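J.: model the structure of this input:
(2 chains)
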Amino acid sequence: MTYLVKPNILRPDTPRNTLGYTRRDYEGAISTLCAGCGHDSISAAVVQACFDLDIEPHRVAKLSGIGCSSKTPDYFLGASHGFNTTHGRMPSVLTGAALANRDLIYMGISGDGDSASIGIGQFAHAMRRGVNMTYIVENNGVYGLTKGQFSATADKGSKSKRGVVNSDTPIDLVALALQLGASYVARSFSGDKEQLIPLIKGALRHRGPAFIDVVSPCVTFNNHAGSTKSYDYVREHNDAVNRLDVILPRDQINASYEPGSLRRIVQHDGSILHLRKLATDYDPSERVGAMNHLQERHALGEIVTGLLYVDSAAEDMHRNLNTVERPLNQLGDAYLCPGSKALHALNASLR
Amino acid sequence: MKSTNIGAHEYFHKVVDCQWACPAHTPVPEYIRLISAGHYSEAYMINWRSNVFPGILGRVCDRPCEPACRRGRVDKEPVAICRLKRVCADLKDEVQDLLPRAPEKKNGKRIACIGAGPASLTVARDLAVLGYHVTVFDNGSSPGGMMRSQIPKFRLPDEVIDEECGYIIDLGVETRYNQWVTSLREVLAEDWDAVFVGTGAPRGRDADVPGRQEAAAHIHIGIEWLANVAFGHTEKISKRVIVLGGGNTAMDCCRSARRMGGDDVKVVVRSGFDEMKASPWEKEEAIHEGIPILNMLVPKEFVHENGKLTGVFFEKVRAEYDAKGRRSLVPTGEPNVLMECDEVLVAIGQENSFPWIEKDIGLEFNKWGLPVLDQKTLQSTLPKVFFGGDSAFGPKNIITAAAHGHEAAISIDLFCRGRNLQDRPPPMVNLVSQKMGIHEWSYDNQISEEERKKVPVKSLEKTLKDIKLELELGFDPFMACAEAERCLNCDIETVFTVKTCIECDACVDICPTECITFTSNGEEDDLRGRLKAPAPDKSQDLYVSDVLKTGRVMVKDENICLHCGMCAERCPTGAWDMQKFFLQMAEAGTEAPRT
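T.: Residues are numbered from 1 along each chain as shown, chains lettered A, B, ... in the order given. Okay, here's the model as predicted:
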């Protein structure tokens, strides 16, 4: 926690993106989370991703529920639209907003309590409806605001800070998202921004429901021996399937890769996902394979991270509902109301 | 890269750019913090210990600290360090009781200091408090040397010189004023245990061009003319004056001439404006007083009518650089320019001059006419004779003279005690955590975003009429506090402990200038390019930690750190701590610790 506001002094060679903004322009208020909270790293990753993608802050809507994680939208993109909903209700409010104005970039920020407990139904339906959004769960395995009880994502057999062993089976939100129809599914770790930032960038440029589960250690209640969501445990058991680079259409591709080591996936907007394979021969376009891999590795105690599944030809809710291209909130009365003549004609046709 | 050895005091000392740049290594941030807290007397004493003449230097120091100031690199302008020094001299209480006293019982050793300038007086102060009997010789009737004779009173009033030289003389230093030392042999024949020579660079260089002899009555050597003005021998000057030269003496000459009746005063310089030796602020002040500075003009001839000067011919030149970057001034081929004038002041440099040192007494001089000295101990080839100030290595400045004085005093003390002069006492160094609570530090870590404050001045109409009227008013307490708050507290060091770091990235995320990176180690050039904010300035160190649990290292670019302490506030395990680095140079009499 810090009470000081970051000084506005910028070093002379501060980088600016094509919009002329600095990274600092994508920051929000100063965080009031515990010092060392993984969530702050995720906020920093969001800032970096939006800076890199030259996103205009006013084109983003960030929505969240309740909890430590759901406080974080206050700490990034201070010039964007925001909505702090009731507990677990972020997905339905976001769905409504996305229906009304399809032109904005939607970012849903949630936590393991907000999405895997009280809001699990909302989470499930947002995924299966195909809402075009980036859904980030800041997953620390505990209820931090109520002093560290196990959450629904805590691993069976892991220990709380006071030594209690968790006897319940965990919910794996990544497995659920795969099953429920998310078209971009990834897992990452707040302590590995090199992996996390490209995953967020890829999700922001994806059409359809993009889900990222970010393991984010709670330094106050869940960063001890016996926890499976501590900095040390996650680092030791991090089993990354690939490394992602997001290449925008304007970028030059400079890096060279060994033949066979790279997979290129072109998204609907022309952005390219460069996936460098790591140890396993993993195919991220295969939903069933992804689910199997996840289960196998989980049984071995490993935490699978990386871009686990992507469907670059996915459709979203608006396409499924066949809505007009123009955002619904911009359709005027003249367009929505055909007038009494049309009504008479319609009535006459039914007589 | 190898991990940084923060145990070596040079490392953190270098982070305090201002203190590192100061020849006397004054603990600048420490006294600036005291000023912002209103503790002017304590701030004065910190200065007094290090640089001996805070009130004088606070007005006329060459301020090597300010170009070095980190604020100038990360923001726009550096902190007004020099004028803050003046603040503590102006606003202090009576400091007499805080000053050291010379012991009643002397140690029996007698030291002669030739010249009563800043170097000699520093030697006198450092040795008098140890019980030495110090005698200062000067041809003038009061102490101060060139500070009194060459610096115009509108920049440095006599009262300030009297006060600060007085503190030293009052330590029981014997003075022999109005005594021109004509022979070092005679001095050495007397019963001195050591002799310190601080006679400055007393000879002004002349412009040897046609017409110089014939018009001699209207052409003056700058420093001699300034001395005549200072002591009231010269009271006016003609209306049209040309000052030759581009150094600080030239600036003093032109501004003095402006106050002595010169209406049309101009400065003519061989080199370009930016290459001039004068400090930028002194050039600004001259321009502010309506004095044009004309560049790239070389004097060719003094034009006169039967010995009455009527003007100066100048050749127009341009600068050319050879492959090695050396500059030569080449005539442009345009016709020479005649500038009309009634008097000329020649301020094109100063030289050392030792006509009073016999060539056969065993004191060697090098080919530039400077004494052969040990760079560190300032001892000459005659073991009991030491040099300091401008007379040691040629013209520098007052703060360098004070630094020499301290070193020479250490040498003389070691010499008189029969010790090895190369065994120098190390500085006193302290490094202490400033943490007071979860969000509390013993210093104000909020970074001020105020602009540099300009020192208020008296109106030009008034000050141009009276050469003794000090131009600057100095900061008032409110301005002083606002300016002091601009200091980034670079002496509050960021100290990193590998053992407790959990690599959560909190410090990386919060750092306002992105100066912290966790990455794999590499060669310096490679590492500098891979940082979150690349660090091309190799004059500024990287702070590299030992290897962390993940195999990475923490690398911090000291260059752009604001010392705001946010990394330490954000760190969940206290792996970052803000610790105050205090370094005080050794003084004569300090014992080196036994090892």
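
J.: name the SS class of A:Ala203, please.
T.: Look at A:Ala203: counting by DSSP: H, G, I helix; E, B strand; the rest coil, its state is helix.

J.: hmm, A:Ser188 and it touching each other?
T.: No: judged on Cβ atoms under 8 Å, A:Ala203 makes no contact with A:Ser188 at a distance of 10.5 Å. To be clear about C-beta, it is placed using only N, CA and C from the backbone, and glycine gets the same treatment.

J.: any common contacting residues for the two?
T.: By Cβ atoms under 8 Å, 6 or more residues apart in numbering or on different chains, A:Ala203 and A:Ser188 have these common neighbours: A:Ile212.

J.: please say which of those two ends up with more neighbours.
T.: A:Ser188 (29 against 25; other Cβ atoms under 10 Å in any protein chain shown).

J.: test my guess that that one contacts A:Val304.
T.: No: if you go by Cβ under 8 Å, A:Ser188 and A:Val304 don't touch, sitting 10.6 Å apart.

J.: shared neighbours of these two, anything?
T.: Joint contacts of A:Ser188 and A:Val304 (Cβ under 8 Å, 6+ apart) do not exist.

J.: so B:Ala227 sits in a strand?
T.: No: counting by three-state DSSP, B:Ala227 is not found in a strand; it is helix.

J.: count the neighbours of it for me.
T.: 19.

J.: one more: B:Arg86?
T.: Other residues lying near B:Arg86 total 24 when counted by other Cβ under 10 Å.

J.: host element of the closest residue to chain B within the stretch 101-250 of chain A?
T.: Residue of the stretch 101-250 of chain A nearest chain B, by Cβ to the nearest Cβ: A:Val219 (4.6 Å). Counting by DSSP states H and E, no helix or strand carries A:Val219.

J.: and it, how far from A:Ala225?
T.: 14 Å (Cβ to Cβ, to the nearest Å).

J.: which one's more surrounded, those two?
T.: A:Val219 (23 against 8).

J.: give me the domain ranges for chain B.
T.: Here the domain parsing of chain B from automatic domain parsing is B:1-21+B:427-595, B:110-202+B:352-416, B:204-350.

J.: surely B:Leu91 touches B:Phe478?
T.: No: using Cβ under 8 Å, B:Leu91 makes no contact with B:Phe478, being 11.5 Å away.

J.: which one of the two has more residues nearby?
T.: More crowded of B:Leu91 and B:Phe478, by other Cβ under 10 Å: B:Leu91, with 18 against 9.

J.: got the buried residues for stretch B:145-157?
T.: Neighbour counts over stretch B:145-157 (16 or more other Cβ atoms under 10 Å in any protein chain shown) mark B:145-157 as buried.

J.: identify the residues contacting it?
T.: B:53, B:56, B:59-60, B:115-118, B:120-121, B:138, B:140, B:142, B:158, B:161, B:198, B:200, B:223, B:226-227, B:229-231, B:249, B:252, B:255-256, B:259, B:390, B:398, B:463, B:466-472.

J.: endpoint to endpoint, that stretch covers what distance?
T.: 14 Å (Cα to Cα, to the nearest Å).

J.: distance between that stretch and the chain's centre?
T.: Chain-centre distance of stretch B:145-157: 16 Å, with Cα atoms, centre = their mean, to the nearest Å.
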